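# Predicted structure and sequence below. I'll ask about it afterward.
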Amino acid sequence: MRVKDTECVRFLQWGLPRLRLRWPGFRKVRGQVCKRLARRLRELNLMELSAYAAHLDAHPEEWAVLDGLCHITISRFYRDRAVFDYLDEKILPVLAETRGGNVLRCWSAGCASGEEAYTLLLLWTARHAARASGADLRVLATDVDERVLERARKGCYTAGSLRELPPDLLAQGFERAGRLYCVKPALRDKALFQRQDLRTGMPAGPFDLILCRNAAFTYFDEALQREVLRGFYDRLITCGVLVLGRHEALPPGAQGWFAHPHQPGVYEKRG
Ligand SMILES: C[S@@+](CC[C@H](N)C(=O)[O-])C[C@H]1O[C@@H](n2cnc3c(N)ncnc32)[C@H](O)[C@@H]1O
């Protein structure tokens, strides 16, 4: 059974706000969600989404299932090359200098299968660690979806996920396992993957760098974005850096942030 696009759009426009999510974020990726909804209808033996809406009303625990159907977990290594080039050239050297010989604490919030967290570690290890006079970098990576976290902990990927990664990073960071590329254990040990829902909790911090790309500021409603942003602000050190996705921006009126003029989506916490 397929769900008609118009029916699916109507359902999502009704259901997403109840999960504190926003329809415009899902417009382009709705195909995935609609397919999952069709599968859920089959499982529940329901004929159409209006019946599923009634089912949700009658079974409040089903909202958590619907929430899971709305997780968009696409990612890849070195996604949006310009931002990682900018981190490499402008952000990591400055943070490393500020931290002296200490550990740089980074948080990948909405980390999917770990591609972003490992990209950061690869960049650091290959290009900065030797010059950083004893400073090291650690990444805490969190996601609401346990299935992607399991993949992240394993750290093995197909070539497609690695297609944007510069060749030197690919050569230094991976071991082949058949058709898979697996992150070397020494690197994997520097990332910690934990399940956490940004709507209900956050790690303690403090952090020098937070990456939250293609997650909260695309899919969450504006009020929730503000709450999440407040949490990031409280957990960043002064002059710490927040990186959003290429097509994302802070909610209107956000204060206490300096937007880096040459790289969209990069913000520094002001005191
Ligand atoms: C599109 S992926 C982005 C991955 C990576 N940040 C990137 O830009 O490539 C969005 C991730 O956010 C996660 N996510 C969605 N809602 C979340 C929530 N409430 N708390 C934590 N993670 C969430 C999803 O499970 C998904 O893995």
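Received the coordinates, thanks. All values reported here derive from a predicted model rather than from experimental measurement. Residues are numbered from 1 along each chain as shown.

# Is residue 105 in a helix, a strand, or coil?
Recorded secondary structure, residue 105: strand (DSSP: H, G, I helix; E, B strand; the rest coil).

# Quick check: nearest residue in space to the residue lying farthest from the centre of the chain, chain neighbours excluded?
Within the chain, residue 47 marks the point farthest from the mean C-alpha position, 34.0 Å out by Cα atoms, centre = their mean. Once flanking residues are discounted, residue 47 sits nearest to residue 41: 7.2 Å by Cβ to Cβ, 6 or more residues apart in numbering. For every residue, glycine as well, the C-beta is placed using N, CA and C.

# touching the ligand at all, the strand or helix carrying that neighbour?
Using DSSP states H and E, residue 41 sits in helix 30-44. No: using Cβ under 6 Å from any ligand atom, helix 30-44 stays clear of the ligand, with a minimum separation of 10.7 Å.

# tell me what that helix is packed against?
In terms of contacts (3 or more Cβ pairs under 8 Å, 6 or more residues apart in numbering; DSSP states H and E), helix 30-44 is packed against helix 5-15, helix 49-58, helix 62-69.

# Run the angle between the shortest one and helix 5-15 for me.
What separates the directions of helix 62-69 and helix 5-15 is an angle of 120 degrees, with axes from the mean of the first three to the mean of the last three Cα atoms, to 10 degrees.

# And for the second one?
Helix 49-58 and helix 5-15 are oriented at 20 degrees to each other (the same axes, to 10 degrees).

# And helix 49-58, what's buried?
Neighbour counts over helix 49-58 (16 or more other Cβ atoms under 10 Å) mark 49, 52, 53, 55, 56 as buried.

# nearest to the ligand, of those residues?
residue 56 (18.5 Å; Cβ to the nearest ligand atom).

# what sits against that closest one?
If a contact means Cβ atoms under 8 Å, 6 or more residues apart in numbering, then residue 56 has 15, 62, 63, 66 as its contacts.

# contacting residues around the residue lying closest to the first one once chain neighbours are set aside?
This means residue 15. Distances taken as Cβ to Cβ, 6+ apart place residue 66 nearest to residue 15, at 6.2 Å, with adjacent residues excluded. Counting by Cβ under 8 Å, 6+ apart, residue 66 touches 15, 19, 40, 56.

# any idea of the pLDDT on residue 66?
pLDDT for residue 66: 98.

# so how far is the ligand from it?
13 Å (Cβ to the nearest ligand atom, to the nearest Å).

# now do residue 2
According to Cβ to the nearest ligand atom, residue 2 stands 24 Å off from the ligand.

# Sketch out the low-pLDDT regions of the protein for me.
When residues are selected by pLDDT under 70, those of the chain lie in 1.

# what does it put close to the ligand?
Counting by Cβ under 6 Å from any ligand atom, the chain comes close to the ligand at 71-75, 79, 110-112, 115-116, 143-145, 148, 197-199, 213-215, 245.

# Give me the subset of the residues you listed lying in helices.
Those of the residues of the chain next to the ligand mapping onto helices are 115, 116, 148, per DSSP state H.

# among those, who's most crowded?
residue 116 (28 neighbours; other Cβ atoms under 10 Å).

# can you pull out the strands in the stretch 151-271 of the chain?
Along the stretch 151-271 of the chain, the stretches classed as strands by DSSP state E, counting those that start in this stretch are 156-157, 174-177, 180-183, 191-195, 207-211, 236-243, 257-259, 266-269.

# Residue 127 is nearest to which of the ones you listed?
Ranking the strands of the stretch 151-271 of the chain by proximity to residue 127 (Cβ to Cβ) places strand 207-211 first, at 15.2 Å.

# Direction included, what does the closest one pair up with?
If you go by DSSP bridges, strand 207-211 pairs up with strand 103-109 (parallel), strand 236-243 (parallel).

# now those in JSON lines, with mean neighbour count?
What follows is the strands paired with strand 207-211, written out as JSON lines (neighbours: other Cβ atoms under 10 Å):
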{"stretch": "strand 103-109", "mean neighbour count": "23"}
{"stretch": "strand 236-243", "mean neighbour count": "20"}
